[in-house]
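In: coords below, sequence missing:
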């Protein structure tokens, strides 16, 4: 009899623990994609989605501006494991703005020298702008050696350091001011599209034998006063600098921009489809020595790339397409995840969209994720765009964030962090996003 009471307590305690764990953890949902409720909703949304056209009413004008975002006080770094405050500035990090005005509308291409474009910062910028402010297209350089402190969630505090409200408000105020400065500095201009093959410097970090997207792509601006500007995108992770260092740096995007400054008064980088992709080519040179080399590797092919003129009278179209998602699926193991209510408690709700900016026959798609270069290479997205008379530029980090979108074949086979920990949406989403992008391309076909 004397053993009954302790046994009862053990059983009750075990039951409470199991119920508590069950309230936090659930199995991964492997329901086939087309049987998911969100899939039908997304297809209906795609069927009715149209870009808003802004036909040119005057000759093109382009302006630009930039400002350093290095804080004047100690702040944490973001990009790897938590590592405390930065201790020095190797090279500055910026927010850069290019304003493209076709007489009917001004499109602002805004890139932050941060790991992603923070959703909180995007919200602050939008709240400060008046109605009819123009079109916003956000991205980031994705440098892993820049400032943290920009995510107010519990998960953000753990990974990016304590949220700095005043610094964020200053970034929002400065971005809005530099949007106005970029617009006021605009001058008559012509645009051209270019691309350069840098594939020899990119490898697939999930499967070394798999395909990669090794193209640098972008826009060149030639203004009436003789000044030139360039927007360039590329799909290799800016992780040249070791996670053990605490020096702020723009990584290779900043070094390439510096190397291009002899020819261009303004150079802006936006992260391309860099999911699954890394820089390759050097095994015995590291950190800032390798950083210097990267500029010499990337800048000359970009500078020498053939230009495809878009002209000085350019139509612009724009739209934001909300992506339907199911419950979040932040994985704890191969077959288990955090429940959706826990994910929402430690982070933001899972919300994403694709920003579509069409400038002449250049179709820019801004993704709310680390989008996979392997998908871009294997799914024929660029070829499909060409068939529809378009030149395709995919960028990542558009001011929302839903984790990594990788090729689906890796979901059950890879233990890499970007598949096991940083996929927040679940299986089949490579296929899902590919279908959405293809439909956007087909719907954007030049008439």
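Out: Great, that's in hand. Predicted model only: the values in this text are computed from it and were never measured.
In: got the residue ranges for the strands in the stretch 301-447 of the chain?
Out: Remark: strands assigned in the stretch 301-447 of the chain by DSSP state E, counting those that start in this stretch are 307-311, 316-323, 336-338, 352-359, 362-366, 370-371, 391-395, 404-405.
In: highest average neighbour count across those strands?
Out: Mean neighbour counts were taken over these using mean count of other Cβ atoms under 10 Å, and the top value, a mean of 28, falls to strand 370-371. C-beta coordinates here come from the backbone N, C-alpha and C atoms, glycine included.
In: Contacts for it next, please.
Out: With contact meaning Cβ atoms under 8 Å, 6 or more residues apart in numbering, strand 370-371 is reached by 142, 273-275, 394, 396-397, 403-405, 418, 422, 433.
In: Kindly provide the whole-number mean pLDDT of it.
Out: The pLDDT scores in strand 370-371 average 96.
In: again with stretch 329-346
Out: In this model, stretch 329-346 has an average pLDDT of 92.
In: May I have the distance across it, first residue to last?
Out: End-to-end distance for stretch 329-346, by Cα to Cα, to the nearest Å: 13 Å.
In: May I see the buried residues of it?
Out: The neighbour-count check on stretch 329-346 (16 or more other Cβ atoms under 10 Å) flags 329, 330, 331, 337, 338, 339, 340, 342, 343 as buried.
In: Tell me if residue 123 really is in a helix.
Out: Yes: the assignment for residue 123 by DSSP: H, G, I helix; E, B strand; the rest coil puts it in a helix.
In: separation between it and residue 116?
Out: Residue 123 sits 14 Å away from residue 116, going by Cβ to Cβ, to the nearest Å.
In: on that earlier part again, sort out which of the buried residues of stretch 329-346 are in helices and list them.
Out: Taking DSSP state H as the definition of helices, the buried residues of stretch 329-346 contribute 340, 342, 343.
In: May I have the residues that are in contact with the second one?
Out: It refers to residue 342. Residue 342 neighbours (Cβ under 8 Å, 6+ apart): residue 24.
In: how near is it to residue 120?
Out: Taken as Cβ to Cβ, the span from residue 342 to residue 120 is 21 Å.
In: Same question for residue 94.
Out: Where residue 120 is concerned, residue 94 sits at a distance of 19 Å (Cβ to Cβ).
In: circling back to that earlier point, neighbour count winner among residue 123 and residue 116?
Out: Between residue 123 and residue 116, counted using other Cβ atoms under 10 Å, residue 116 has the larger neighbour count: 26 against 13.
In: The more buried one reaches residue 397, doesn't it?
Out: Yes: judged on Cβ atoms under 8 Å, residue 116 makes contact with residue 397 at a distance of 4.2 Å.
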